[in-house]
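> Attaching a predicted model along with its sequence, questions to come.
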Amino acid sequence: MRIVQVCPYAWDAPGGVQVHVRQLSDRLRDRGHDVVILAPSLRPVREVGVRIVGRALRIHYQGTVAPIGFTPGSFVRVGRELRSFRPDVVHVHEPLAPSTSMFATIRSHAPVVATFHAFAERSRLLDVAAPLLRAVWRKLAARVAVSGAAASFMGSRFGDDLRIVPNGVDIEAFSGAEPAKLAPGRRVLWVGRLDRQKGFPVAVRAFAELAPAHPDLTLIVAGDGDERGAVSELLPGIRDRVLMLGTVPHAELPAYHAAADVFVAPALGQESFGIVLVEAMAAGLPVVASAIAGYDEVIRDGIDGILVPPNDQHALAAAIGRVLTDPELARRLGESGRERATEFSWDSITGDLEGIYETTAG
């Protein structure tokens, strides 16, 4: 089958949707399909099987930054690539965002399958734009959401005919990695954008509470973003125990998971799933995360990890402290999380999507 995967976000920017599209495309190719990826980018990209169809612009929206491509030139190039490749099915991701996926939905003559990854408690902009976006919605031959939260976010505005197919995760890459060579001691790991919505300042403040009682503890930060300066507010002796790695290529992350003792994800909201949670669980790490929609569909509180109220540095610090001081709790959470992570293996997820493609393409 000839399949086009369309990513609305800059291909060279870190993000869960980009990881999802890349790994799904690799699995589909392994199964014998001919797959091409269309995406915008921030800088020139040369990658086999990827066709860059425009320059992305960084748009600030609801506390985060979305690098999307919505230029007239991109609209033209998307149409040209679709005509050239002549796909049997086009799989667009977040087609209601004003970017490449929306353009592909409008311009495709092949059936379009859509995956919705996003969730927010509210979106005034989406509410206002909904009447115009229904024309795009009606072009979709099949609609998929990665979680119940994502399905409810879209379903409440456009209709409830969404099938839930979770994000897939490369379980094997995280379950068998060799640890990165780091200084001795115990480590709390953060992976993701350093922005307010992801809760990075909350994680930093929680570490400041924990550090005096745990002199061997280090905070490992894999990611970059506007809130990177939060660490400058720490006292010098504690600031020296924060290792800022910057943006780490996804393929290099498992080594840092293997070297960590606990994973922290204190997002404030707007999370439909949480790929980073599953990756940490696949590595056998105890996870402490916010009790928010999306995350609570991945982690069972007290079984696979510990969920705490969002934007509560004291609760976050206390939960991390419990894991650090109770080896039996850490072991139990890690083992249960590792087993839970297998439910999101690409083997089953890819099969589900293949079935949708075949039904849609007829």
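On my side now, so go ahead. Residues are numbered from 1 along each chain as shown.

> Can you give the distance from stretch 158-175 to the centre of its chain?
11 Å (CA atoms, centre = their mean, to the nearest Å).

> so where do the helices sit in the chain?
In the chain, the helices defined using DSSP state H lie at 16-30, 72-85, 100-107, 124-138, 148-158, 171-175, 200-210, 236-239, 253-258, 275-282, 295-298, 313-325, 327-341, 346-361.

> for the record, mean pLDDT for the fourth one?
Regarding helix 124-138, the rounded mean pLDDT is 87.

> Show me what counts as buried in it.
126, 133, 136-137 (16 or more other CB atoms under 10 Å). For glycine as for every other residue, the C-beta is placed from the backbone atoms N, C-alpha and C.

> circling back to that earlier point, need the helices of the chain in JSON lines with distance to residue 190, can you?
As requested, the helices of the chain are exported to JSON lines (distance: least, CB to CB, whole Å):
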{"stretch": "helix 16-30", "distance to residue 190": "15"}
{"stretch": "helix 72-85", "distance to residue 190": "33"}
{"stretch": "helix 100-107", "distance to residue 190": "29"}
{"stretch": "helix 124-138", "distance to residue 190": "29"}
{"stretch": "helix 148-158", "distance to residue 190": "22"}
{"stretch": "helix 171-175", "distance to residue 190": "16"}
{"stretch": "helix 200-210", "distance to residue 190": "6"}
{"stretch": "helix 236-239", "distance to residue 190": "15"}
{"stretch": "helix 253-258", "distance to residue 190": "10"}
{"stretch": "helix 275-282", "distance to residue 190": "9"}
{"stretch": "helix 295-298", "distance to residue 190": "15"}
{"stretch": "helix 313-325", "distance to residue 190": "11"}
{"stretch": "helix 327-341", "distance to residue 190": "17"}
{"stretch": "helix 346-361", "distance to residue 190": "25"}
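
> so how far does stretch 131-145 reach from one end to the other?
Terminal residues of stretch 131-145 lie 20 Å apart, using CA to CA, to the nearest Å.

> What lies in contact with it?
95-96, 102, 105-106, 108, 111-116, 126, 151, 154-155, 158-159, 161-165, 272, 353, 356, 359-360 (CB atoms under 8 Å, 6 or more residues apart in numbering).

> likewise stretch 179-190?
Contacts of stretch 179-190 (CB under 8 Å, 6+ apart): 200, 203, 207, 210, 214, 216-223, 243, 255-265, 280, 285, 320, 324.

> Now that stretch: buried residues?
For stretch 179-190, burial by neighbour count (16+ other CB under 10 Å) applies to 180, 187-190.

> ok now the longest strand along the chain, how far from the chain's centre?
In the chain, assigned by DSSP state E, the strand with the most residues is strand 34-41. Averaging C-alpha positions (CA atoms, centre = their mean) puts strand 34-41 18 Å from its chain's average.

> What residues sit buried inside that strand?
Buried residues in strand 34-41, counted by 16+ other CB under 10 Å: 35-41.

> From the residues you listed, pick the one nearest residue 90.
residue 38 (8.9 Å; CB to CB).

> which ones are touching that closest one?
Neighbouring residues of residue 38 by CB under 8 Å, 6+ apart: 4-7, 51, 53, 78, 81, 100, 104.

> For the residues you listed, give me JSON lines that also has neighbour count, pLDDT and distance to residue 343.
Putting those into JSON lines (neighbours: other CB atoms under 10 Å; pLDDT from 0 to 100; distance: CB to CB, whole Å) gives the following:
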{"residue": "4", "neighbour count": "26", "pLDDT": "98", "distance to residue 343": "28"}
{"residue": "5", "neighbour count": "27", "pLDDT": "98", "distance to residue 343": "23"}
{"residue": "6", "neighbour count": "29", "pLDDT": "98", "distance to residue 343": "27"}
{"residue": "7", "neighbour count": "28", "pLDDT": "98", "distance to residue 343": "25"}
{"residue": "51", "neighbour count": "18", "pLDDT": "98", "distance to residue 343": "33"}
{"residue": "53", "neighbour count": "28", "pLDDT": "97", "distance to residue 343": "34"}
{"residue": "78", "neighbour count": "28", "pLDDT": "98", "distance to residue 343": "34"}
{"residue": "81", "neighbour count": "20", "pLDDT": "98", "distance to residue 343": "35"}
{"residue": "100", "neighbour count": "33", "pLDDT": "97", "distance to residue 343": "30"}
{"residue": "104", "neighbour count": "30", "pLDDT": "98", "distance to residue 343": "30"}
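
> So which of those is the closest to residue 305?
Of all the contacts of residue 38, residue 7 has the smallest distance to residue 305: 28.7 Å, by CB to CB.

> Low-confidence regions, this protein specifically.
61-64, 121-122 (pLDDT under 70).
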